[in-house]
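J.: Predicted model, plus sequence, below.
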Amino acid sequence: MDSPNHSPTLPPSPTEILTFPLVKASNIPKAFNLFKTKIGSGTFLDLYAHNKHAKKHSNILSSLEIEYLYAKQVTNLDISSISSNLLHNSNFLTSLRLVFRWSQYISSLSLKTLAVSLKATPSLQILDLNFMKCEEIKPDGLQTLAFGLSNLHSLHTLSLKFSDCNNLTDSSLRTLSISFKKLKFLTHLKLDFNACIKISDSGLGFLAKGLKGLKRLQSLALDFSCCDHIGDRGALALSKGLEVLRGLKSLKMRFPSTKIENEGVRFISEGIKALGNLQDLSLDFSYCAEISDKSMESLAFCLKGFALLESLELIFSNCWEIKSEGMGLLAGCFGELRSLVRLNLQFALCEGILDEGMRYLSGGLVNLKSLEFVCLNFASCWDITNEGVEILGKGLKGLQALKVADLRFTYCRKVDHESLESIVAGMSNVRIYFAC
């Protein structure tokens, strides 16, 4: 069976959310302070006409969210239209989300136009921009956008998605990091440069310098998946930026299919070790072929003493050098995680993990007295057998607070349904999803 979809529960918005398939001046509601829509390219968007009417009712547009349905057709002219409207609402807008995925016509000119609008929107507190797969965006465009960001002194939440923008380079991260100096009130930062293949260790070094100035940061999410010029040197630089963020409560970092090895994981672990207030930690090093049990040892040392940690996700799928002994090292620190409620371990295709690894894991799980949700993925770990699964089941049955267990043993040729069903039989109060 498929695992349940644990999507985060968001707090209700204080404002009414309105959605329309197409937006024109004629069908914009007469009074609202949050506008949310999905539109096609070439649609004329006139928020200024609305606001002239809204002022009379003391109900000013404060939040704008636009997602283009047909992003491939979106052009710089569409961005210019939106930017013009932003200028007319610049004194009141506090939240802005724009999504322009997969557009082949959006270029650096769009970012330059948008930057002008941002400079005139000093009240903005939340900014979310998604330019995924807009391959015509170049470093000069992001540089201009960064200058626009530096004027947003009230900004507390920033999310920038430039995944698959192949022309972005280390200089892009340098200019972006410089803008962080002006964002003194930033508490939430998310940067996605997935598959930006020209970004290297130097880029992470620039980013680390920018992070050091964000003293108020509470949550940080970084995605550098498939950036195959990033390795241990970049991990070392990043760790220096992390260790000063003592107020950080949530940290999520993705480095799958990079050149990071055991030394890099050790560097990052040392940076995380200084973050004693962490409540949510997610690390993804899947498909990093040189990572082995030494990385598990580094992480285990890092996690000791994290008494406040509530959620832990570790993704090391297809790291072939991780063995059962590595599972033992990792599980050995579980006794320190007294507040842990959610655990997600992804070790698919780690062929060196055997039944002994399940024994180590089972022994560690019994120490997680607060654990309510657990996901364990050992798909294609060929030599795990029914005996290993049954040993793991004993550890799960000792978790009195457990509510949901998702167990993945797909393509484990020596595991059958009967062994997994034996776990279900002894845990009637727990929802269990499994695949084999």
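T.: Sure, I can see it. In this text the structure is predicted, and so the values were computed from the model without any measurement.
J.: Going by C-alpha atoms from here, please, whenever you check contacts or count neighbours.
T.: Noted.
J.: Mind checking which residue lies nearest the centre of the protein?
T.: Compute the mean C-alpha point of the chain, and by CA atoms, centre = their mean the closest residue is residue 221, 4.7 Å away.
J.: show me what contacts that residue?
T.: Residues near residue 221 by CA atoms under 8 Å, 6 or more residues apart in numbering: 189-191, 251-253.
J.: Now do the SS call for it.
T.: Following DSSP: H, G, I helix; E, B strand; the rest coil, residue 221 is assigned to strand.
J.: Let me see the confidence value for it.
T.: Per-residue pLDDT puts residue 221 at 98.
J.: one step back: just the buried ones from the contacts of residue 221?
T.: Buried subset of the contacts of residue 221 (neighbour count, 16 or more other CA atoms under 10 Å): 189-191, 251-253.
J.: With distance to residue 420 and secondary structure as extra columns, can I get these in TSV?
T.: What follows is the buried ones among the contacts of residue 221, written out as TSV (distance: CA to CA, whole Å; DSSP: H, G, I helix; E, B strand; the rest coil):
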residue	distance to residue 420	secondary structure
189	40	strand
190	38	strand
191	39	strand
251	33	strand
252	31	strand
253	32	strand
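J.: and which of those residues is nearest residue 131?
T.: Residue 131 has its nearest neighbour among the buried ones among the contacts of residue 221 in residue 191, at 11.6 Å by CA to CA.
J.: Quickly note the distance from the closest one to residue 207.
T.: Distance of residue 191 to residue 207, computed by CA to CA, to the nearest Å: 10 Å.
J.: got it, and residue 385?
T.: Distance from residue 385 to residue 207, by CA to CA: 45 Å.
J.: One more: residue 316?
T.: Using CA to CA, residue 316 is found at 24 Å from residue 207.
J.: quick one: the strands in the stretch 201-350 of the chain?
T.: 219-223, 250-254, 280-284, 311-315, 342-346 (DSSP state E, counting those that start in this stretch).
J.: strands paired with the first one, and their directions?
T.: What that stands for is strand 219-223. Looking at strand 219-223 with DSSP bridges, its partner strands are strand 188-192 (parallel), strand 250-254 (parallel).
J.: Next: the third one.
T.: Using DSSP bridges, strand 280-284 pairs in its sheet with strand 250-254 (parallel), strand 311-315 (parallel).
J.: Compare those strands and give me the one nearest residue 400.
T.: Of all the strands paired with strand 280-284, it is strand 311-315 that lies closest to residue 400, at 17.5 Å by CA to CA.
J.: what's the offset of that closest one from the middle of its chain?
T.: Strand 311-315 has its average C-alpha position 12 Å from the chain's average C-alpha position, going by CA atoms, centre = their mean, to the nearest Å.
J.: any idea of the angle it forms with strand 342-346?
T.: 0 degrees (axes from the mean of the first three to the mean of the last three CA atoms, to 10 degrees).
J.: Let's test this: mean pLDDT of strand 311-315, rounded?
T.: 98.
J.: Equivalent analysis for stretch 379-390, please.
T.: Averaging pLDDT along stretch 379-390 yields 96.
J.: List the contacts of it.
T.: Residues outside stretch 379-390 that contact it (CA under 8 Å, 6+ apart) are 347-356, 358-359, 408-416, 419-420, 422-423, 436.
J.: can you confirm residue 167 is in a strand?
T.: No. Using three-state DSSP, the assignment for residue 167 is coil, not a strand.
J.: low-confidence ranges in the protein?
T.: Across the chain, the ranges flagged by pLDDT under 70 are 1-61, 69-73, 87-90.
J.: switch the cut-off to 90
T.: 1-93, 99-107, 109-110, 113, 116-117, 119-122, 305, 417-436 (pLDDT under 90).
J.: all helices for it, in order.
T.: Assigned by DSSP state H, the chain shows helices spanning 47-54, 76-88, 108-119, 139-149, 170-179, 201-211, 232-242, 262-273, 293-303, 324-331, 355-365, 386-397, 417-425.
J.: I'd like those as a markdown table, with mean neighbour count and distance to residue 130 appended.
T.: Listed next are these as a markdown table, based on neighbours: other CA atoms under 10 Å; distance: least, CA to CA, whole Å:
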| stretch | mean neighbour count | distance to residue 130 |
| --- | --- | --- |
| helix 47-54 | 17 | 21 |
| helix 76-88 | 19 | 13 |
| helix 108-119 | 22 | 11 |
| helix 139-149 | 22 | 13 |
| helix 170-179 | 21 | 15 |
| helix 201-211 | 22 | 19 |
| helix 232-242 | 23 | 24 |
| helix 262-273 | 22 | 27 |
| helix 293-303 | 21 | 32 |
| helix 324-331 | 22 | 36 |
| helix 355-365 | 22 | 39 |
| helix 386-397 | 20 | 40 |
| helix 417-425 | 15 | 42 |
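J.: still on that earlier bit, look up the residues forming beta bridges with the residue nearest to the centre of the chain.
T.: Applying DSSP bridges, one finds that residue 221 bridges with residue 190, residue 252.
J.: And residue 96, how far from residue 82?
T.: With distances taken as CA to CA, residue 96 is found 11 Å from residue 82.
J.: swap that for residue 408, sorry
T.: Noted for residue 408: a distance of 46 Å to residue 82, by CA to CA.
J.: and if you look at residue 242?
T.: As judged by CA to CA, residue 242 and residue 82 stand 36 Å apart.
J.: again, but for residue 195
T.: 28 Å.
J.: Then residue 419?
T.: The value you get for residue 419 to residue 82, if CA to CA is used, is 58 Å.
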